[in-house]
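>>> pasting the structure only:
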């Protein structure tokens, strides 16, 4: 439970700001006689002193130290850092604490190490110059659960850089290496040995007994006994050493019978589930996008083994899912897999929306029991959007026609009115035909301009770049000028189109906001019609000038 609480705190806390002076170690678990590397780093250029290492003398022996100055660029800002790298050997086993280290007015946090006691070899036992050891963190695991294999190569003599290790391959298991190999030192029987440590996460794919095959390590040992005959750039004098780790059996248990058959199988040490909203649920309005992030972290499984979380299916909420983000955090205790599902929710009406509770079933390998981790149900309150109502067209005014009764008309009055009406109608048709081009433009078919403008507005407010591009093209086809002409005479529209094109052809398309584009479309000034004087000046000269 302590590990689960730590996992949830890391999940919900986010990234904290970096301290100006901090300490870190290459590992927190080691055996008695082994060394650990402590790194002290200062990012404050105003500190020129050296750390006070006297608190380490009580529980550690300092075998070596070196200082490294680094200069890097964070954006356009140069950043200077100073590191002190110390090789420490604990003086006793058990729980050993690296105390806080001070550098002027700054101080590091304490670090706890677990030092396991190991038996020393007997007086008559002589260790080989190179030997290899392999161990598992547990003797039995469930199918598809994680077992950590630790491989240590010890050498008491120098070796050339031609060493090699056969890869770990198993037909009935999936294997992932936990980081890069670590190197440190360990004193065994009064003899200092160099150690090369590698760790693997093993996920068995079938139940039953599984045998982890041994790995072969080969290297050329340096022979210093030849004295003056040794040439650093000549032929390598030495002998080839080959050692093999023992085969290790692993018992793989089947999925428990009480585990639900319709639930994904998740055997893990700890599981955390959280959600975040942007903006907050109480600040949502109709037509505006609401982003929901669901984060699942599991200690003991890789991200590839995590199932997708249930989608939000609520009437009145349009859902636009994003691609899931998968990541793995590797450490000396195994892999912590993380899956983040992100979706955009757009309410189409105001009022309250009930989101059901979200539950994940998993098997706790520490307590050997079924666990349920859930997010409680949530109620979303969506308010009206005044911006949507202000852009709706005003209702047409009602024209009332009043019919006045009078004396009956005489026949000649009716004939004159009919003649005048037909004359005016004919003159109007002739004048209209005279102003039309020789080829009549085909009547446009499809949705009305108002419908296309509404579709464009919804796409912009949702922030969907692809849908906005299609709606913008459809709306521009019914305008008297092209989209390029409109952008050329109105700078805000040109800038908004550049942002849309950048979102469509880059990896930041999901973060595009369309409010600027909609504002530019709404405030677009009407195109100026050419004046009569300009038209007359551009006409052809008379055929027979006077």
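That came through fine. Because the structure is predicted, anything quoted here is derived from the model rather than measured.
>>> rounded mean pLDDT for the biggest helix by length in the chain, please.
Longest helix in the chain, counting residues (DSSP state H): helix 411-435. Computed over helix 411-435, the mean pLDDT rounds to 80.
>>> that helix: what's the following helix or strand?
Going down the chain from helix 411-435, the next helix or strand is helix 449-462, by DSSP states H and E.
>>> ok, then the element right after that following helix?
Next along the chain after helix 449-462, taking DSSP H and E as the criterion, comes helix 465-476.
>>> what comes into contact with stretch 55-64?
Here stretch 55-64 makes contact (CB atoms under 8 Å, 6 or more residues apart in numbering) with 35, 53, 86-92, 96-101, 185. C-betas here are computed from N, CA, C, even on glycine.
>>> I meant to write stretch 277-295 there.
Stretch 277-295 has contacts (CB under 8 Å, 6+ apart) with 11, 272-276, 309, 312, 320, 338-350, 358, 375, 378, 380-385, 387-388, 458, 461-463.
>>> what is the burial count for residue 194?
Look at residue 194: counted by other CB atoms under 10 Å, it has 17 neighbours.
>>> excluding chain neighbours, what is closest to residue 504?
Using CB to CB, 6 or more residues apart in numbering and skipping the chain neighbours, the partner closest in space to residue 504 is residue 465 (5.3 Å).
>>> same question for residue 513.
Excluding the flanking residues, the one nearest residue 513 by CB to CB, 6+ apart is residue 463, at 5.5 Å.
>>> hang on, the earlier thing: which of the contacts of stretch 55-64 fall in strands?
By the criterion of DSSP state E, membership of the contacts of stretch 55-64 in strands covers 86-90, 96-98, 185.
>>> got those residues as JSON lines, with pLDDT columns?
Putting these into JSON lines (pLDDT from 0 to 100) gives the following:
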{"residue": "86", "pLDDT": "90"}
{"residue": "87", "pLDDT": "89"}
{"residue": "88", "pLDDT": "90"}
{"residue": "89", "pLDDT": "87"}
{"residue": "90", "pLDDT": "89"}
{"residue": "96", "pLDDT": "91"}
{"residue": "97", "pLDDT": "92"}
{"residue": "98", "pLDDT": "93"}
{"residue": "185", "pLDDT": "89"}
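>>> now these in TSV, with neighbour count and distance to residue 71?
Listed next are the ones in strands among the contacts of stretch 55-64 as TSV, based on neighbours: other CB atoms under 10 Å; distance: CB to CB, whole Å:
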residue	neighbour count	distance to residue 71
86	23	22
87	17	25
88	23	27
89	20	32
90	20	34
96	19	34
97	11	33
98	23	28
185	17	31
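>>> tell me where the model's unsure across the protein.
Applying pLDDT under 70 to the chain picks out residues 1-19, 72-78, 118-126, 224-238, 389-410, 436-446, 506-511, 528-546.
>>> who does residue 380 form a beta bridge with?
Note on residue 380: beta-bridge partners residue 353, judged by DSSP bridges.
>>> surely it and residue 352 touch.
Yes: in this structure, residue 380 is within contact of residue 352 by CB atoms under 8 Å, at 6.7 Å.
>>> what helix or strand does residue 388 sit in?
For residue 388, the host element (DSSP H and E) is helix 386-390.
>>> how about residue 370?
strand 369-375.
>>> which strands and helices lie in contact with that strand?
Packing partners of strand 369-375 (3 or more CB pairs under 8 Å, 6 or more residues apart in numbering; DSSP states H and E): strand 270-278, strand 358-364.
>>> neighbours of residue 490, how many?
Around residue 490 there are 16 residues (other CB under 10 Å).
>>> contacting residues for it?
Contacts of residue 490 were listed using CB under 8 Å, 6+ apart, and they are 520, 524-525.
>>> for those residues, which one is nearest residue 482?
Closest approach between the contacts of residue 490 and residue 482, by CB to CB: residue 524, at 13.1 Å.
>>> next up, phi/psi of the spatially closest residue to the closest one that is not a sequence neighbour, please.
Among residues not flanking residue 524 along the chain, residue 490 sits closest, at 5.7 Å (CB to CB, 6+ apart). Per-residue torsions, residue 490: phi -140, psi 110 (degrees, to the nearest 10).
>>> over to residue 204?
The phi and psi values for residue 204, taken as degrees, to the nearest 10, are phi -60, psi 140.
>>> ok, now how distant is the most centrally placed residue in the chain from residue 381?
For the chain, the residue sitting closest to the mean C-alpha position, by CA atoms, centre = their mean, is residue 325 at 4.7 Å. Distance of residue 325 to residue 381, given as CB to CB, to the nearest Å: 29 Å.
>>> likewise residue 88?
57 Å.
>>> same question for residue 90.
Applying CB to CB, the value for residue 90 to residue 381 is 57 Å.
>>> and residue 476, by the same measure?
Between residue 476 and residue 381 the computed distance is 37 Å (CB to CB).
>>> in stretch 257-269, which residues are buried?
By 16 or more other CB atoms under 10 Å, the buried positions in stretch 257-269 come out as 265-269.
>>> and the nearest residue to residue 342 once chain neighbours are set aside, backbone torsions?
Nearest in space to residue 342, with sequence neighbours left out and distances taken as CB to CB, 6+ apart, is residue 322 at 4.2 Å. Here is the backbone geometry of residue 322 (degrees, to the nearest 10): phi -110, psi 170.
>>> contacts only, for residue 322.
Going by CB under 8 Å, 6+ apart, residue 322 touches 341-344, 510.
>>> a markdown table please, covering those residues and showing distance to residue 165, secondary structure and neighbour count.
Formatted as a markdown table, the contacts of residue 322 follow (distance: CB to CB, whole Å; DSSP: H, G, I helix; E, B strand; the rest coil; neighbours: other CB atoms under 10 Å):
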| residue | distance to residue 165 | secondary structure | neighbour count |
| --- | --- | --- | --- |
| 341 | 39 | strand | 21 |
| 342 | 41 | strand | 18 |
| 343 | 45 | strand | 17 |
| 344 | 48 | strand | 19 |
| 510 | 43 | helix | 15 |
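>>> with that, I have no additional questions.
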